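> Take this sequence and fold it.
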Amino acid sequence: MRIDEKKSDYFTSILREIKMKNTVHVIDVESGNLQSLSNAIKFIGENEIVFIHDATEFEELDSKITKLIFPGVGNYGHFVKELTNRKLVGPIKRYIQSGRDIMGICVGLQAFFDSSEESPGVEAIGYLNMDLFKFDTNDDLFRIRGQKKAVPHIGWNKVNEIHQGKEILKPQETFFNINTSSKYYFVHSYAAILKNDKSHQAVRNAQENGWDFAFAKYGSETFIAAVAYKGLFATQFHPEKSGIAGLRVIKAFLSGQKSDATYPSVQQAPNDVEMNISGLSKRIIACLDVRTNDEGDLVVTKGDQYNVRESNEGSEGQIRNLGKPVELATRYYLQGADEVTFLNITSFRNSPIKDLPMLEILRRSAERIFVPLTVGGGIKDLVDPVSGEVYPAVKVADLYFRSGADKVSIGSEAVIIAENYYKNGKKKSGLSAIETISACFGNQAVVISVDPKRKYVTSPSDTPMATIKIMDPAKYGPNGEEYCYYQVTSQGGRKTHELGALELCIACEDLGAGEILLNSIDNDGSNNGFNLELLRQIKENVSIPVIASSGAGTPEHFEEVFRMDCGIDAALGAGMFHRGDYEVNTVKKYLQEHGKMDVRLDMDLKL
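Okay, here's the model as predicted:
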C-alpha cells in the first residue's frame with residue numbers, strides 16, 4: 001500500500017472516531033486565511049461555523065457562544081485597529097470573564113499581551129503584563145557561525161517545555177494535545193520573548209495566578225508558544241497548518257480536553273539526529289506550476305529552463321501535462337510535504353474575479369491540505385477590463401487568502417517595484433504591492449519569486465551589480481570570463497532587466513517581503529542540483545528566509561543544499577515529485593537516516 005493511501009485511511013478513521021457536532025463561533029476581522037481554519041474545524045467533526053464580524057453580531061449571538069476561536073494573522077497594529085474599529089475588545093473581555101472557552105491563534109495570542117514592538121503605542125486586550133519583541137537577526141548562536149538568523153521565524157518547530165502552574169510536564173504528558181516531540185508550524189516575526197527580568201517575572205506572576213505556559217526556542221531566544229487560563233487557551237503557532245499534530249490541538253480545545261495522554265506523539269526524531277541551531281526542521285516544499293493547456297484545462301506542468309512545451313522537431317509541442325493540481329497537491333501533502341506552492345504561470349491575464357478555476361483549486365486544496373499553501377501569479381494592481389473597477393494588489397491577495405492561501409508569491413511585479421525603488425533613491429512609496437500586502441497581512445505573507453539567469457562579465461567593474469568570482473575554471477564563461485552576476489528576468493524568463501538578483505532581494509526585503517523563493521533559470525529542469533553559488537550570494541546578504549528552488553533531482557541534492565554553511569531555510573522540489581521518481585517522505589527519510597538531519601516525519605501513525 002502506498003504511503004498516501006495509508007495516510008488517507010488514517011484521516012478517514014479520525015473522522016469516524018470524532019462525532020462532535022457543535023456550533024463554533026469565529027472572530028473574523030478580515031485578517032488573512034480563515035478558510036483553512038474553517039476547513040480544519042469541519043474536518044475534525046460535523047461542526048457548524050458562525051463568523052462574528054463586529055460588536056453588534058457578538059451581542060446578538062453572545063448567549064449561544066460556548067466555543068469561540070480568535071484567529072489573527074499579520075500586522076499587530078492592523079489587527080488591533082480592526083478589533084477596536086469593530087468595537088470587539090469589550091465583548092471579548094466580557095466573554096473571557098464569563099469563563100467560557102476561547103482559543104486565540106497567532107496574533108490572536110499576541111493580542112492578550114500589553115503591547116508589541118511592531119506597533120508602538122497600540123494597546124490590545126492586555127491580560128498578560130508582557131511586551132512583544134522582534135526576533136534578533138544577530139542571535140549569537142548564528143553570529144558565531146557567520147550567519148544571520150532569518151526573521152520571520154517560518155517553519156516547523158517544537159515546544160521545549162510545558163508548565164502547568166510551576167510544574168513542568170513530563171515528555172509523555174500533553175497540554176491540549178501539545179507535546180514536546182511533535183512539530184508545529186510557526187510564522188511570525190514578533191513574540192513574547194523571555195529576554196529580560198521583567199518578562200521572566202511576568203511569567204512567574206502569571207503562574208502564581210493560575211496561568212499555564214508552553215515555551216519554544218528560536219535559536220537562543222525562548223518565547224511563549226501557548227498559554228492557558230481558565231477557559232482561555234491560545235497558541236503562537238497555527239494548529240490549522242500543523243498537520244495532524246495541529247488538528248489534535250484544535251480537537252482538544254473543542255472537546256474540552258486540556259490533558260489527554262491517549263495520543264502518541266505525531267513525530268519522534270531518532271536520538272542520533274542533529275538538531276538545527278534554529279530549532280526548525282528542514283523544510284521540504286512541493287511546487288506545482290499550474291497553467292492552462294491548449295484545451296483550456298488547468299494542469300500541472302514543468303519546464304526545462306522555463307519552456308513548458310514538449311520538444312517536437314519542426315513544430316511547437318503540447319504543454320506538458322503532469323496531472324491535476326488538487327490531486328497532486330493532496331498527494332504531496334499525504335507524502336509529508338511541509339508546504340505546497342502553486343505558481344499560476346497563466347496568472348490573472350484579464351481579471352482576478354474571472355480566474356475562478358485557480359481560486360477553486362485553492363478552495364478544494366485547502367479542504368484537505370493542512371499545511372501552508374502559497375500561491376503566485378498576477379499579484380499586482382489590476383483594472384477589470386469589463387467593469388473598469390480597480391483591484392489593488394492587496395485586494396487580489398485577499399482573494400487568494402480567502403480561498404485558502406497562506407502566502408502570496410510576487411514575481412514579475414516585484415522586479416518593477418524594485419526598479420522604481422532604486423530609481424527613487426531607495427525611497428518607499430507605501431503604495432507597492434509588497435508594501436500594501438505586508439502592511440495588512442504581515443511580511444510573512446509576502447514571498448518574492450526571483451527568476452535570474454547567469455550573466456558573465458570579464459571584471460566586476462563591468463557592471464554596477466554585485467558579482468561572483470567563479471572558482472571552478474570549468475565553469476568560466478564562453479570567453480573565459482571569471483566573474484558573473486545573476487540577471488533578473490520577468491514574464492516567465494522572457495524579459496531581462498538591468499538588475500541583479502541580489503539587488504532585487506535587498507530591495508524587496510526593505511520594502512516588506514518576508515521570504516525569498518530563489519529560482520535559477522540555468523538549473524531549471526536539469527535535475528543536477530541547486531545553484532549553490534547563487535543561493536550563497538543571496539542568503540549571506542539578506543535577513544529573511546531563503547528557499548532553494550530549481551534543479552533538484554535526487555535526495556542527495558537536498559542534503560547538499562542543507563549542508564551549506566550559509567543556512568538555507570527551505571528547499572523546493574517539483575519535477576522529481578511529479579514524475580514519481582521520489583516521494584516527499586523518501587527525501588525526508590534520506591535526510592534523517594543518511595544526513596542525520598531533523599525533519600518532520602509523521603507517515604506511520606495509527607490510532
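> dump the residue contacts of Phe176.
226, 228, 233, 249, 252-253, 257-258 (C-beta atoms under 8 Å, 6 or more residues apart in numbering). Every residue, glycine included, has its C-beta placed from N, CA and C.
> Could you check how far stretch 82-90 is from the centre of its chain?
Counting by C-alpha atoms, centre = their mean, to the nearest Å, stretch 82-90 is centred 27 Å from the centre of its parent chain.
> What's the mean pLDDT across it?
Regarding stretch 82-90, the rounded mean pLDDT is 96.
> Equivalent analysis for stretch 185-195, please.
97.
> returning to what we had before: so of the contacts of Phe176, which two are at opposite extremes in space?
Distance extremes for the contacts of Phe176: the farthest pair is Ala226 and Gln257 at 14.6 Å, using C-beta to C-beta.
> For those two, work out which one has more neighbours and name it.
Ala226 (24 against 15; other C-beta atoms under 10 Å).
> count of neighbours near the nearest residue to that one once chain neighbours are set aside?
Distances taken as C-beta to C-beta, 6 or more residues apart in numbering place Ala214 nearest to Ala226, at 3.9 Å, with adjacent residues excluded. By the criterion of other C-beta under 10 Å, Ala214 has 25 neighbours.
> How about Ala214: which residues does it bridge to?
Ala214 has these beta-bridge partners by DSSP bridges: Ile162, Ala226.
> Which neighbours in the sheet does the helix or strand hosting Phe70 have, and how are they oriented?
According to DSSP states H and E, Phe70 maps onto strand 67-72. Strand pairing for strand 67-72, determined by DSSP bridges: strand 23-27 (parallel), strand 101-106 (parallel).
> could these go into CSV alongside mean pLDDT and mean neighbour count?
What follows is these, written out as CSV (pLDDT from 0 to 100; neighbours: other C-beta atoms under 10 Å):
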stretch, mean pLDDT, mean neighbour count
strand 23-27, 97, 21
strand 101-106, 98, 24
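> Among the ones you listed, which comes closest to Glu82?
Comparing the strands paired with strand 67-72 under C-beta to C-beta, the one sitting nearest is strand 23-27, at 9.8 Å.
> Now do the closest one: distance to the chain's middle.
24 Å.
> I'd like to check what contacts that strand. Which residues are they?
Under the contact criterion C-beta under 8 Å, 6+ apart, strand 23-27 has outside partners 34, 37-38, 41, 47-52, 61, 64-71, 88, 92, 108, 254.
> hmm, back to that, with distance to Val542 as added columns, please give the strands paired with strand 67-72 in JSON lines.
Below are the strands paired with strand 67-72 laid out as JSON lines (distance: least, C-beta to C-beta, whole Å):
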{"stretch": "strand 23-27", "distance to Val542": "35"}
{"stretch": "strand 101-106", "distance to Val542": "24"}
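> closest to Gly77 out of these?
strand 101-106 (14.7 Å).
> right, and the helix or strand after that closest one?
Next element after strand 101-106 (DSSP H and E): helix 107-110.
> What residues of that following helix count as buried?
Within helix 107-110, the residues that count as buried by 16 or more other C-beta atoms under 10 Å are 107-110.
> Would you map out the domains in the chain?
Split into domains by automatic domain parsing, the chain comes to 3-255, 283-450+489-593.
> out of those, which comes closest to Asp472?
Of all these, domain 283-450+489-593 comes closest under C-beta to C-beta, at 9.3 Å.
> so how far does that closest one reach from one end to the other?
One end of domain 283-450+489-593 sits 16 Å from the other (C-alpha to C-alpha, to the nearest Å).
> which residues touch Lys407?
372-375, 444-447, 515.
> Pick the one among these closest to Leu572.
The closest of the contacts of Lys407, once distances to Leu572 are taken by C-beta to C-beta, is Thr374, at 10.1 Å.
> Could you verify that the closest one is part of a strand?
Yes - the assignment for Thr374 (DSSP: H, G, I helix; E, B strand; the rest coil) places it in a strand.
> Tell me, how many residues neighbour it?
Thr374: 23 neighbours (other C-beta under 10 Å).
> same thing with the one 3 residues further on?
Per other C-beta under 10 Å, the neighbour tally for Gly377 reads 26.
> pLDDT weak spots in the stretch 1-150 of the chain?
1-21 (pLDDT under 70).
> ranges for the helices of it?
For the stretch 1-150 of the chain, the helices defined by DSSP state H, counting those that start in this stretch cover 3-17, 35-44, 55-61, 76-85, 89-97, 107-110, 140-143.
> Are there helices or strands packed against the second one, and which ones?
If I follow you right, that is helix 35-44. Packing partners of helix 35-44 (3 or more C-beta pairs under 8 Å, 6 or more residues apart in numbering; DSSP states H and E): helix 3-17, strand 23-27, strand 48-52, strand 67-72, helix 243-255, helix 356-366, helix 393-403.
> List the contacts of stretch 250-270.
By C-beta under 8 Å, 6+ apart, stretch 250-270 touches 18, 20, 22, 24, 40-41, 44-45, 47, 67, 101, 103, 172-177, 179, 181-183, 228, 233, 239-240, 243-245, 248, 275, 592, 598, 600-602, 605.
> before we move on, what about stretch 455-474?
By C-beta under 8 Å, 6+ apart, stretch 455-474 touches 476-479, 481-487, 499-500, 502-503, 533-534, 537, 541.
> Generate a PyMOL selection restricted to the buried entries among those residues.
Only the buried entries of those go into this PyMOL selection, using 16+ other C-beta under 10 Å:
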select buried, resi 482+483+484+485+486+487+499+500+502+503+533+534+537+541
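> Keep only those of the contacts of stretch 455-474 that are in strands.
Among those, the ones falling in strands (DSSP state E) are 483-487, 499-500.
> Could you identify the most distant pair in those residues?
Tyr483 and Leu499 (17.1 Å).
> Run through the residues that contact the residue minimising distance to the centre of the chain.
Nearest to the geometric centre of the chain sits Pro372, at 5.3 Å (C-alpha atoms, centre = their mean). Shown in contact with Pro372 (C-beta under 8 Å, 6+ apart): 185, 187, 238, 241, 338-340, 406-407.
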